[in-house]
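Q: The amino acid sequence is not available; the structure is as follows:
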């Protein structure tokens, strides 16, 4: 086991021992009246993704139940709203449901999200679950984020030093593969008016197919329900009777406002967890799906509990008010009230948090506002019915152009790595219509993946294309790779998984199953990300540059770039 692993496991286990001692020493409350309660407000934030500046466009609006919209978000506004919510009650706890960092705008990502982490400390975050994006730069970087120290490659760029964060990043289902010991603290306990409240936090179990597998090789991600139940039992045994689950997994919706519960007829993965975890758990805060809903589900004992998620990018705070019986330490479920609170901009932004944002903007500005190219129209990430997008095609074209020296004849891009549209309208810096800045390209491709050119046979390429349709944990998934110019194929809507792709043609010639081809993919795909295990069998790997550099360079070399035409992928019945 690594030193990092031993230290983290020791901290997690010592926390259990320390909690047992604390609870054992707590004064007995047998003489308290059964209905004497403590009111505690839980304030949750999920999927912030480093959006410390107010997000723009549709990403900066909240749709209400009546269909109207309101501008929302921004760290300084979040801070004021949190303070106002706390001022209404005597006791509060601020928690996170994961993806608070990662896939962030350049104002945060340029400094490895240290500005966002400083903001979260400033607003008093007490504990957060890890999401999948907390692992974007690997396990060791996540430990640095938690415990401090300058970045091993880039050093300390935002401040002269980085001391880590004061809140724990929880991963109840994350263990060290070799030993089975906790890789992250599995839970955290806060005391309010002498009453302990336990928080179990975790990412979704699918992290290995959502991040670069090379950075998490020493970890194992387990079932969410099993992990939640394990630590709910432990907390209960230790005397913690009020327990909350923070899980980075949620559901899609069919629309609605912040407090609607329109999740469709089919139960999503979030609801399955919310209904399936132990009756000892009193509330479920969720994330990951970037949707908002406020639902009540029945636990396995038939008792109600809230299942809630707020909109991503800091536009909403999920608020759950609990009443806890001081004698039994149990949550009075019938008195629980939950709602999603919109982070409006009609209040005074918090000056201390705004100063952090302003510093990040000042330091990142010269880089973010540098012009890298021009476009002639919006280049959008939205996929057509065949799964193809203009922006995905453009990125694949840029990756092929950057690696022709490696012998590449085609490139394939994962759609999840395309994070925002490239718009023609004036950039935030006001350079003029059609100008593309480095900050804008960074927002489109924030992960910094390394391009890899590998040798694959035609049969392997076909097999990789078939892996665009998978069944993951019983749920069908479609992840259509974005192809560079020259590659065309069809896929059948009705054909079974494994036999959907046909008529694969490269530069006018049908793909030869026995021939070898040089294919460029990013390091995420090369490691088997998104379930594309075929790519791990590529040979003669030649490293290229960073994907963002390839994209920016391509735009610079092709002034007034137009959106590539669609039609590289077509469908048949």
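A: Received it, and whenever you're ready, just let me know what you need. Owing to the predicted nature of the structure, the values given are computational and were not obtained by experimental measurement.
Q: CA atoms for contacts and neighbours, from now on please.
A: Fine.
Q: mind listing what the spatially most central residue of the chain touches?
A: In the chain, the centroid-proximal residue (CA atoms, centre = their mean) is residue 99; its distance is 3.7 Å. Shown in contact with residue 99 (CA atoms under 8 Å, 6 or more residues apart in numbering): 46-49, 130-134, 248, 288.
Q: Quick one: residues contacting residue 111.
A: Residue 111 is in contact with 157-158, counting by CA under 8 Å, 6+ apart.
Q: Do a quick rundown of the strands in the stretch 251-400 of the chain.
A: 281-285, 293-298, 304-309, 316-325, 337-342, 371-374 (DSSP state E, counting those that start in this stretch).
Q: Of these, give the one that comes closest to residue 492.
A: strand 293-298 (34.5 Å; CA to CA).
Q: Could you list the paired strands of the closest one along with their orientation?
A: Sheet pairing here is set by DSSP bridges, and for strand 293-298 it gives strand 304-309 (antiparallel).
Q: So which residues make contact with the partner strand?
A: 46, 250, 271, 274, 282-287, 291-299, 318, 320, 333-334, 336, 338-340.
Q: Between the two ends of stretch 134-151, how far is it?
A: 15 Å (CA to CA, to the nearest Å).
Q: and that stretch, how far from the chain's centre?
A: 15 Å (CA atoms, centre = their mean, to the nearest Å).
Q: got the strands of the stretch 251-400 of the chain as TSV, with mean neighbour count and mean pLDDT columns?
A: TSV is the format used below for those (neighbours: other CA atoms under 10 Å; pLDDT from 0 to 100):
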stretch	mean neighbour count	mean pLDDT
strand 281-285	27	98
strand 293-298	20	97
strand 304-309	26	98
strand 316-325	24	98
strand 337-342	21	98
strand 371-374	21	94
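Q: Residue 425: which of those strands is closest?
A: Closest to residue 425 of the strands of the stretch 251-400 of the chain is strand 371-374 (CA to CA; 11.0 Å).
Q: Summarise which helices and strands the closest one is packed against.
A: Applying 3 or more CA pairs under 8 Å, 6 or more residues apart in numbering; DSSP states H and E, we find strand 371-374 packed against strand 435-437, helix 547-557.
Q: and residue 405, which of the ones you listed is closest to it?
A: Comparing those by CA to CA, helix 547-557 comes nearest, at 12.9 Å.
Q: and the next element down the chain from the closest one?
A: strand 569-572 (DSSP states H and E).
Q: List the contacts of that next one.
A: 386-388, 488-493.
Q: quick one: which of those residues is nearest to residue 84?
A: Set against residue 84, the nearest of the contacts of strand 569-572 by CA to CA is residue 387 (44.1 Å).
Q: low-confidence ranges in the stretch 201-350 of the chain?
A: Scanning the stretch 201-350 of the chain for pLDDT under 70 picks out no residues.
Q: ok, now with 80
A: 264-265 (pLDDT under 80).
Q: Tell me which stretches of this protein form helices.
A: 3-25, 75-87, 106-109, 114-122, 139-147, 224-238, 269-276, 351-368, 390-402, 438-444, 458-466, 523-526, 547-557 (DSSP state H).
Q: Adding distance to residue 533 and mean neighbour count as columns, could you present these in a markdown table?
A: Converted to a markdown table, those look like this (distance: least, CA to CA, whole Å; neighbours: other CA atoms under 10 Å):
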| stretch | distance to residue 533 | mean neighbour count |
| --- | --- | --- |
| helix 3-25 | 27 | 15 |
| helix 75-87 | 39 | 21 |
| helix 106-109 | 29 | 26 |
| helix 114-122 | 33 | 22 |
| helix 139-147 | 21 | 18 |
| helix 224-238 | 24 | 19 |
| helix 269-276 | 23 | 21 |
| helix 351-368 | 35 | 17 |
| helix 390-402 | 20 | 26 |
| helix 438-444 | 25 | 24 |
| helix 458-466 | 8 | 20 |
| helix 523-526 | 8 | 26 |
| helix 547-557 | 21 | 21 |
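Q: okay, these in JSON lines with distance to residue 211 next?
A: What follows is the helices of the chain, written out as JSON lines (distance: least, CA to CA, whole Å):
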{"stretch": "helix 3-25", "distance to residue 211": "20"}
{"stretch": "helix 75-87", "distance to residue 211": "26"}
{"stretch": "helix 106-109", "distance to residue 211": "16"}
{"stretch": "helix 114-122", "distance to residue 211": "20"}
{"stretch": "helix 139-147", "distance to residue 211": "11"}
{"stretch": "helix 224-238", "distance to residue 211": "18"}
{"stretch": "helix 269-276", "distance to residue 211": "19"}
{"stretch": "helix 351-368", "distance to residue 211": "25"}
{"stretch": "helix 390-402", "distance to residue 211": "19"}
{"stretch": "helix 438-444", "distance to residue 211": "17"}
{"stretch": "helix 458-466", "distance to residue 211": "18"}
{"stretch": "helix 523-526", "distance to residue 211": "7"}
{"stretch": "helix 547-557", "distance to residue 211": "15"}
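Q: Would you agree residue 439 is in contact with residue 106?
A: Yes - judged on CA atoms under 8 Å, residue 439 makes contact with residue 106 at a distance of 5.8 Å.
Q: Return every residue with contacts to both of the two.
A: residue 368.
Q: Please identify the buried residues of stretch 179-187?
A: 181-187 (16 or more other CA atoms under 10 Å).
Q: nearest to residue 78, of those residues?
A: Out of the buried residues of stretch 179-187, the member with the shortest distance to residue 78 (by CA to CA) is residue 187, at 25.0 Å.
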